[in-house]
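1. coords below, sequence missing:
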């Protein structure tokens, strides 16, 4: 009775103007029944048909995400359990999909989470129950009294929390970070302190493996490495910033940016200039050493003259 009362009290204009719907083979029959009900309520429906649960869930999520600023557009997805389609719909920013097996679930999902994609189970929900769930979901505004609030209005502190959650949840996963957790190389240096390279101002290094040596190296913008050589050849990959490397032994110049790779053979004399704060991963074929072939002032002078 409480559910019916709550639905009846909701204003008709809280209903969405349009529903984007889709299902897999296990949810297709239930989806079609719910589309018929939506059409009887004069709600526009875009039926994406039947496909694999992951693709249809993702496509509904993508469409609802694209219409995020239009609160009049929501989504409806169905699969065997209602879980898989909801998971894939939620991969898109601004989508709050919830699997609802009862009308109380739908009331809570709308009230607490402003759920804009309803996921239903074709295997465990009858058509009559699904219609009841759909009606509750259609007619319940965000922050409405619901079972979770004992059908009472939310207290001011909780109401404020719910409002803030709508602003904060879409930001999750969007925060910019200097270290991309998906990058194994970046994870090697995350939260590690790099030690200054005393022989070259502006440089710092963290050795992460000894002989053959792997290290993370950073240089400040404007830094210069005087001409030098190593006993062993080395590979490097630029992770941040930009630099130029002059291989003086071979008369070659390499301009490197993020993602660029360079191999310098053993014994080749090379000079380096950093144009911005730069970080790179480097691996020597043996132990690390460094033998200078000029001093810092000479290196700067040669670069300034353009004769590097």
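-> The structure has been received and is ready for your questions. Computed from a predicted structure; not experimentally measured.

2. now for the nearest residue to residue 84 once chain neighbours are set aside: which residues touch it?
-> Computed as CB to CB, 6 or more residues apart in numbering, the closest residue to residue 84 that is not its neighbour in sequence is residue 53, at 4.4 Å. Every C-beta, even on glycine, is put in place using the N, C-alpha and C of the backbone. Counting by CB atoms under 8 Å, 6 or more residues apart in numbering, residue 53 touches 24, 26, 27, 79, 80, 84, 85, 88.

3. adding neighbour count and pLDDT, write the residues you listed out as a markdown table.
-> As requested, those are exported to a markdown table (neighbours: other CB atoms under 10 Å; pLDDT from 0 to 100):
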| residue | neighbour count | pLDDT |
| --- | --- | --- |
| 24 | 22 | 94 |
| 26 | 19 | 95 |
| 27 | 30 | 95 |
| 79 | 31 | 95 |
| 80 | 17 | 94 |
| 84 | 21 | 93 |
| 85 | 37 | 95 |
| 88 | 25 | 93 |
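
4. and the furthest pair within those?
-> Within the contacts of residue 53, two members stand farthest from each other by CB to CB: 26 and 88, at 14.6 Å.

5. out of the helices and strands in this protein, which is least certain?
-> Least confident helix or strand, the chain: helix 2-9 with a mean of 42, by mean pLDDT, DSSP states H and E.

6. distance of the closest residue to residue 73 other than its chain neighbours relative to residue 50?
-> Leaving out its chain neighbours, the residue that sits closest to residue 73 by CB to CB, 6+ apart is residue 67, at 4.0 Å. Here residue 67 is placed at a distance of 22 Å from residue 50 (CB to CB, to the nearest Å).

7. so where do the helices sit in the chain?
-> 2-9, 28-40, 53-66, 83-89, 103-113, 127-139, 156-168, 184-189, 296-305 (DSSP state H).

8. helices or strands up against the fifth one?
-> Packing partners of helix 103-113 (3 or more CB pairs under 8 Å, 6 or more residues apart in numbering; DSSP states H and E): helix 2-9, strand 97-99, helix 127-139.

9. again, only this time at 6 Å
-> Counting contacts by 3 or more CB pairs under 6 Å, 6 or more residues apart in numbering; DSSP states H and E, helix 103-113 is packed against helix 127-139.

10. give me the buried positions along the helix it packs on.
-> Going by neighbour count (16 or more other CB atoms under 10 Å), the buried part of helix 127-139 is 129, 130, 131, 132, 133, 134, 135, 136, 137, 138, 139.

11. does the third one touch residue 36 like I think?
-> To tie it back to what came earlier, the one meant is residue 131. No. Look at residue 131 against residue 36 with CB atoms under 6 Å: they stay out of range, at 9.5 Å.

12. residues near residue 222, how many?
-> 13 (other CB atoms under 10 Å).

13. which strand residues bridge the closest residue to it other than its chain neighbours?
-> Nearest residue to residue 222 in three dimensions, chain neighbours excluded: residue 274, at 6.7 Å (CB to CB, 6+ apart). Beta-bridge pairing of residue 274 under DSSP bridges involves residue 243.
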